[in-house]
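**Student:** I would like to see how this sequence folds:
(2 chains)
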Protein chains: 2
Amino acid sequence: MKNIELLKEKAKLVRKWCMVSTTEANSGHPTSCLSIADITTVLFDKYFTFDLAAPLKKYNDRFVLSKGHAAPLLYTLFGIAGAYPLENLKTLRKFGSQFEGHPVPKFKYTEAATGSLGQGLSVGAGLALVGKREKLPFKTYVVLGDGELAEGQVWEAANFASYHKLDNLIAILDINRLAQSGETMFGHHLNEYSDRFKAFGFEVIEIDGHNLEEIDKALEKAHRNTNGKPVAIIAETIKGKGISFLEDKAGWHGKPLNSEELKSALQELGDIDDSLRFELQMTEKTELTDNPQQQSFSKLKFDKNKEYATREIFGQVFTELGKSNFNLYGLDADVKNSTYTLDFLKAYPERFVECFIAEQNMVSVAVGLSRLGKIPFVATFAAFFTRAADQIRMARVSEANIKFIGSHVGVSIGEDGPSQMGLEDIAFFGAEPDVIILQPSDAVSTDKLVPLMVNHQGISYMRTLRPKTPILYGEDETFKIGGSKIVQQSKNDNLTIAATGITVIEALKAAEELKKDDIKVRIVDCYSINPIDAETLIKCASETDKSIIITVEDHYAHGGFGDFVASALANEKIEIIKMAVTKISSSGEKTQLLNAAEIDAKHIIKKVKEILK
Amino acid sequence: MKNIELLKEKAKLVRKWCMVSTTEANSGHPTSCLSIADITTVLFDKYFTFDLAAPLKKYNDRFVLSKGHAAPLLYTLFGIAGAYPLENLKTLRKFGSQFEGHPVPKFKYTEAATGSLGQGLSVGAGLALVGKREKLPFKTYVVLGDGELAEGQVWEAANFASYHKLDNLIAILDINRLAQSGETMFGHHLNEYSDRFKAFGFEVIEIDGHNLEEIDKALEKAHRNTNGKPVAIIAETIKGKGISFLEDKAGWHGKPLNSEELKSALQELGDIDDSLRFELQMTEKTELTDNPQQQSFSKLKFDKNKEYATREIFGQVFTELGKSNFNLYGLDADVKNSTYTLDFLKAYPERFVECFIAEQNMVSVAVGLSRLGKIPFVATFAAFFTRAADQIRMARVSEANIKFIGSHVGVSIGEDGPSQMGLEDIAFFGAEPDVIILQPSDAVSTDKLVPLMVNHQGISYMRTLRPKTPILYGEDETFKIGGSKIVQQSKNDNLTIAATGITVIEALKAAEELKKDDIKVRIVDCYSINPIDAETLIKCASETDKSIIITVEDHYAHGGFGDFVASALANEKIEIIKMAVTKISSSGEKTQLLNAAEIDAKHIIKKVKEILK
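**Tutor:** Presented below is the predicted three-dimensional model:
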């Protein structure tokens, strides 16, 4: 092994800057950095293969800091590797700095934003999966804290990693005993973690996380591992290690040293050579050519006299696009026969990832895939995306490029009842900044909208329907993000109905009935919920008798489609009347439930008549 | 053991009605019921202690069906136990029936709504925890499917159950190999499950789930278990067991038999005696007296010249209320020193539940506590409630009585950065029907609002602030759900600003500055976000020069406070102008971040001047 003394010096340098930067910031988590300083020093100095000039190079190892509050350590490691002067670390946590309190993409060596705990192993599994499937030589290292091992997602990721035989994935567990508000569940009982990771199919190596020789041996073994099992290095560490008054002390979580304490801490470390650098291993020169990103489009044929479920058409379009776009990946949580990603699996098993019933891990795996240039389509019931709301939130902070497909939206799913109904999905996807939300109401619009999701960089979400709907559009109609379609109009319409998905069909039925009473309504299919097509809606309101728009949606009232319309038209003199689901639904037939929720044709008719009275 | 032949006959009766009811409904999951029919037959006939007339009696055993899609089995079991005529099961999944596609509270023997998988063990752990802490003799049985064991929450619950030594909790795992869209991760390899549950601290019993003698022995052993470990009965079962053409066949998930198939299935079962009944064990006559539910109030004293963080005051009030209300429980996910539930722990350790960093389990445990009459306060960072969004959704379907406290809301938290900022919490709590949302802006209003949450039956959510704010109210001010406070007004105000939490403080600062330019704004502290006090806002708009209300909030623009205001005033001729967070924030000082988000005093001033120009 390398000169131990030199490694010790480098570890001191790491410790110094974790403390200096947090003291300068007057906040942060120095003690959570110190416990893992020795391991990461050996890792960076001896094993980590990385080209600082090209972080996305496919031959680079990946380093995921799942315990994101140890961000100062991450920044220090790359600083000592030569990415920037160490002095820059003094901007830690300051407004505008790339060195935020928890890692974000602004810091270009961040694989994924962390700080919501327990997500890093999933991201690492996503990265490692690409390595495995594309036979790339890189390793993925994930540093986890012991507190976050209580998060169920870690165990979803562990199952996933061993099931997919990710022996290129190395989890480093920092068992420092102390969490934020007290001792962890298992303290320093390493066997509790070892037993669990072994049971979950990992190769487990227990070490003293401050013994450089043990660390080196463990990393060496992990590095050479090819037995089909992911590796967990379970390291007994000491929070605040290296500074006597911090070591293993409660009350020092998330607390920087004051200047006096820092002085005394640095004194204890002794002479430190600021010019020391990690000798990063360089990646091989050869780089794989990425699959070119390309404009996607689709033109499936439909029988105008038939009805189709948009969820089913989604599956066909997605599979069609996969033919020429090799970056597309399909991810499933055991509902592929309901979301219709099954078609994609049949065509391209090498780009399909079965995640079983573990939605949180599925979303964070997608963040890993996205980081390496893939375009993951993550599909499940819309209701079950709530299971991964935090992971979706963090995917957005990570600036990931992920396409979410939520099937079985609304009460229109029928007999299965409220647990299966996606009725808050627009609210939480819509809250996240700049997330595109689409909802096709027929086969043609589905065919046109899925490619737009591929062509858009960022997070987008599509709601698909369980029941079948008739064909509304001709094959040559064009659709765009932020667009809408007027599906019914006359020169003397009384008012406008803005609908989306199943309620477009209900509105059309209502319009037919209303005609009998000589009432004419204009109907806009708002297939783009965010951004909403304000221009068309304003035009409609100005052209109709009354400046009124009724919004109808199969979603809860707050945070739904209606609120997007109301926000966009807030400065107009247009009255917005929302029709939406306002109570917990039940089992029953689709028509009964739409009626009970008061969003069907009958209630639209009633509402229109009330307004016009 | 009991007459095996009779048990076999009863198991046949169970099978019959699982099939008959789903065929009648023309949807549902008969094969998922058949795999677990034998075990539950023995359980109900020999071990399950229950008074059908008083389901909430504290001496009753609890039965949680985590695999909610096996609902027909649940209904059949209680039917054979004598709760209602079996013929009623023919209303399964029909509109208005208590027998929904997945269990809901309308069916009074439902411990918690299930159907989103992987939540039942947590609910069971909540029930069992009450039993343990109050030394009640009941057992809690939880039936889990094998597909759902991939959900991380199951492992959070497993850790929780063994950590809290819940040896009165019995998990029955239905390892039938087949999930919805294919084989599970581990098929019939029971050892994979045994190893995992053993590692997580369970007493494990492996059985053939169709051998009545093995089942009986396992239940007997589990029933007698007092070794401090929860029990997992890991049962190898066959999906569709008992009907040859269904057994272990793919393609039969969630599919009822047609009438021909049903006929042939019933033929295969042979003669069935519809009059057979389970001999339910009766509970002891003695019943514990519940803690009386009482009106809570608090009146802490504050120094008018000091500033207080509402999160800190929450902790004090909560602890104060705990003195006289013994149903209050505090639940924490390792942030008790940040949310200030630490005060409650110190005062009442017997009513505090440390859940470690596992928010999903924490919320579902609270559902269990609520079922047994407790009033759980679940507190973490607002951002981390997104981790449990699905569990909160299901808690609402369960009609649970839970109080959520989300600290560290908005960009005002400062240096920690976006991963720690609660900016979508109003959107997803607000989407769920009838969830109360409160946000105090000072110590006094916190003191008054927490008791209102206790007195309200149902789900309520409070946002608390990290930074300190000045005292705005006198000790004798009154507050109510659905109320607001005008904190600044004159006879000739130009317009109204509706604010909540930290933005009330910013609005007040803005008002001071605006006065210098002879601009007067009325300021409403909307401490009740849902329901919103529309009446006061309408009155303000009518009394000000311009009929304009500016809403300002430290939350994302979509689905936030502004949308509640806009919805409530949609029929009024009032212009609503929203100021909210529209992009991902960063690290920095509170003032810098409020400024960057354009929701601080400076930007309020700018907006007001723009409007009045």
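
**Student:** Would stretch A:147-166 count as contacting chain B?
**Tutor:** Yes - judged by CB under 8 Å from any CB of the partner chain, stretch A:147-166 comes into contact with chain B through A:147, A:148, A:150, A:151, A:152, A:153, A:154, A:155, A:156, A:159, A:163. Bear in mind the C-beta positions are built from the backbone N, C-alpha and C, glycine included.

**Student:** export those to JSON lines and tack on pLDDT, secondary structure and neighbour count?
**Tutor:** Output for the residues of stretch A:147-166 next to chain B, formatted as JSON lines (pLDDT from 0 to 100; DSSP: H, G, I helix; E, B strand; the rest coil; neighbours: other CB atoms under 10 Å in any protein chain shown):
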{"residue": "A:147", "pLDDT": "97", "secondary structure": "helix", "neighbour count": "28"}
{"residue": "A:148", "pLDDT": "98", "secondary structure": "helix", "neighbour count": "28"}
{"residue": "A:150", "pLDDT": "98", "secondary structure": "helix", "neighbour count": "27"}
{"residue": "A:151", "pLDDT": "98", "secondary structure": "coil", "neighbour count": "31"}
{"residue": "A:152", "pLDDT": "98", "secondary structure": "helix", "neighbour count": "27"}
{"residue": "A:153", "pLDDT": "98", "secondary structure": "helix", "neighbour count": "32"}
{"residue": "A:154", "pLDDT": "98", "secondary structure": "helix", "neighbour count": "32"}
{"residue": "A:155", "pLDDT": "98", "secondary structure": "helix", "neighbour count": "31"}
{"residue": "A:156", "pLDDT": "98", "secondary structure": "helix", "neighbour count": "32"}
{"residue": "A:159", "pLDDT": "98", "secondary structure": "helix", "neighbour count": "25"}
{"residue": "A:163", "pLDDT": "98", "secondary structure": "helix", "neighbour count": "18"}
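
**Student:** List just the nearest of those residues to chain B.
**Tutor:** Distances from the residues of stretch A:147-166 next to chain B to chain B were compared by CB to the nearest CB; the smallest belongs to residue A:152, at 2.3 Å.

**Student:** show me what contacts the closest residue to that closest one other than its chain neighbours?
**Tutor:** Closest residue in space to residue A:152, ignoring its immediate chain neighbours: residue B:152 at 2.3 Å, by CB to CB, 6 or more residues apart in numbering or on different chains. Listed by CB atoms under 8 Å, 6 or more residues apart in numbering or on different chains, the contact partners of residue B:152 are A:151, A:152, A:153, A:154, A:155, A:156, A:358, A:360, A:361, B:118, B:360.

**Student:** between the residues you listed, which is nearest residue A:182?
**Tutor:** Proximity of the contacts of residue B:152 to residue A:182 was ranked by CB to CB; the top entry is residue A:151 with 16.7 Å.

**Student:** dump the residue contacts of that closest one.
**Tutor:** Listed by CB under 8 Å, 6+ apart, the contact set of residue A:151 reads A:117, A:118, A:119, B:152, B:156, B:357, B:358, B:387.

**Student:** Could you give the average pLDDT over stretch A:120-140?
**Tutor:** For stretch A:120-140, the per-residue pLDDT values average out at 97.

**Student:** Pull out the buried positions in it.
**Tutor:** Buried residues in stretch A:120-140, counted by 16 or more other CB atoms under 10 Å in any protein chain shown: A:120-132, A:136, A:138-140.

**Student:** so where's chain A uncertain?
**Tutor:** A:1-2, A:284-294 (pLDDT under 70).

**Student:** C-alpha coordinates for the host helix or strand of residue A:21, CSV please?
**Tutor:** Residue A:21 is part of helix A:4-25 when elements are defined by DSSP states H and E. Coordinates of each C-alpha in helix A:4-25 appear next as CSV, following Å, rounded to 0.1, in the frame of the first residue of the first chain:
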residue,chain,number,x,y,z
ILE,A,4,0.7,5.5,5.2
GLU,A,5,2.3,8.6,6.6
LEU,A,6,1.5,10.5,3.5
LEU,A,7,-2.1,9.3,3.6
LYS,A,8,-2.3,10.4,7.2
GLU,A,9,-1.1,13.9,6.2
LYS,A,10,-3.7,14.0,3.4
ALA,A,11,-6.5,13.0,5.8
LYS,A,12,-5.4,15.8,8.1
LEU,A,13,-5.7,18.2,5.2
VAL,A,14,-9.3,16.9,4.5
ARG,A,15,-10.2,17.4,8.1
LYS,A,16,-8.8,20.9,8.2
TRP,A,17,-10.9,22.1,5.3
CYS,A,18,-14.1,20.4,6.5
MET,A,19,-13.7,22.5,9.7
VAL,A,20,-12.3,25.7,8.2
SER,A,21,-15.1,25.9,5.6
THR,A,22,-17.9,25.3,8.1
THR,A,23,-16.5,27.7,10.6
GLU,A,24,-16.3,30.3,7.9
ALA,A,25,-19.9,29.5,6.9
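
**Student:** List the contacts of the nearest residue to residue A:604 once chain neighbours are set aside.
**Tutor:** Using CB to CB, 6+ apart and skipping residues adjacent in sequence, the residue nearest residue A:604 is residue A:510, 3.9 Å away. Each residue near residue A:510 by CB under 8 Å, 6+ apart is listed here: A:497, A:521, A:601, A:602, A:604, A:605, A:608.
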